[in-house]
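[1] Quick one: sequence plus predicted model below, questions after.
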Amino acid sequence: MPELPEVETIKRQLNRKVKGKKIESVKVNLPKLVKYPLAKFEKLVKGATVKNVSRRAKLLIIELSNGYALIVHLKLTGQLIFNGEVSKHTHLIYYFTDNSHLVHNDLRQFGFVKVIPKDKLENFFKKEKFGPEPLSREFTLKVFKNLLEKRKRSKIKPLLMNQAFISGIGNLYADEILFKARVRPDRVTSSLKSSEVKKIYEAILKILSLAISRGGSSTDTYRDARGKKGNYLSLIKVYQRDGNPCFVCRSEIKRIKMGSRSAHFCPKCQK
Ligand SMILES: [Zn+2]
């Protein structure tokens, strides 16, 4: 599933590729993808120019010149590819007036496109109850400590993945962050020492920034806006490496069940 680094990569690329382009028409092959009356949607985007592409949590926000924004959630298998090939998984195509186009593919069809007036965006995000953006200036160590104080009985891995606690982190990066911080994924937050909290905080910033610089991770269907795979995969230390030796101490990487999800960690490196 695309997490913050993948969505951020797509956002940056779309700003280079489609910002300023005028939409000539759209073709919707899968009506349920668009959470808006279809005829109205087609009329609304036609003739609009892409003003900017931004991101909040794992959502892409395509701001149009007509006062509306398209909110795109890629969920498990969504892709937005500039000048991408049209396949049976292409559910939406934006055609631009300069003969270029943008395809929205989604193999599993869990994703969606919503239409929100730009002046209602803040309200929309508030309703979604997103936690702070981990790479924003507002997300300081103090803020992180205060947030943990309110969730004393939570286990750290599911908490990092809780979008109301902090935005954008999913299964893969939560595992990698906790390996870097040397903290077991099943630790209860009240048991964390101040030094461990600091290590987790620093690992969040470091891992997410590094992943963005590598264009994200392609463990399955993820492709960036150019249709290319991300390069972070070769840097993965624990995620889905259960049964393999730890790169640091050679112990076997373990996988444990945590609710409906699993966690991967090194039992020797992580305490
Ligand atoms: Zn190890």
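    Okay, I see it.

[2] K180 and I204 touch, don't they?
    No - K180 is not in contact with I204 according to Cβ atoms under 8 Å; the separation is 9.0 Å. C-beta here means a position set from N, CA and C on the backbone, and glycine is covered the same way.

[3] Might you enumerate the residues of this protein proximal to the ion?
    246, 248-249, 251, 266, 268-269 (Cβ under 5 Å from the ion).

[4] Show me the residues you listed that map onto strands.
    Among those, DSSP state E puts none in strands.

[5] hang on, the earlier thing: who has more neighbours out of K180 and I204?
    I204 (25 against 20; other Cβ atoms under 10 Å).

[6] hang on, the more buried one is in a strand, isn't it?
    No - counting by DSSP: H, G, I helix; E, B strand; the rest coil, I204 falls outside a strand, being helix.

[7] From F130, how far off is it?
    Distance of I204 to F130, given as Cβ to Cβ, to the nearest Å: 16 Å.

[8] What of L235?
    Note on L235: its distance to F130, by Cβ to Cβ, is 27 Å.

[9] Same drill for those two, tell me which one is more crowded.
    F130 (19 against 12).

[10] Tell me if K257 really is in a helix.
    No - using three-state DSSP, the assignment for K257 is strand, not a helix.

[11] Run a quick neighbour tally on it.
    When neighbours are counted by other Cβ under 10 Å, K257 comes out with 9.

[12] beta partners for it?
    Per DSSP bridges, the residues bridged to K257 are S262.

[13] Quickly note the distance from it to the ion.
    Look at K257 and the ion: by Cβ to the ion, to the nearest Å, they are 20 Å apart.

[14] For T189, see how far away that residue is.
    From K257 to T189 the distance is 19 Å (Cβ to Cβ).

[15] likewise N29?
    Distance, N29 to T189, using Cβ to Cβ: 45 Å.

[16] How many residues are close by F125?
    Number of residues near F125 (other Cβ under 10 Å) recorded here: 17.

[17] scratch that, R153 is what I was asking about
    Neighbourhood size, R153 [other Cβ under 10 Å]: 8.

[18] Could you do K35 as well?
    For K35, using other Cβ under 10 Å, the count is 12.

[19] The closest residue to it other than its chain neighbours: which element?
    Spatial nearest neighbour of K35, chain neighbours left out: K114 (4.8 Å); criterion: Cβ to Cβ, 6 or more residues apart in numbering. Assessed by DSSP states H and E, K114 sits inside strand 112-117.

[20] for that strand, packing partners?
    strand 34-35, strand 68-73 (3 or more Cβ pairs under 8 Å, 6 or more residues apart in numbering; DSSP states H and E).
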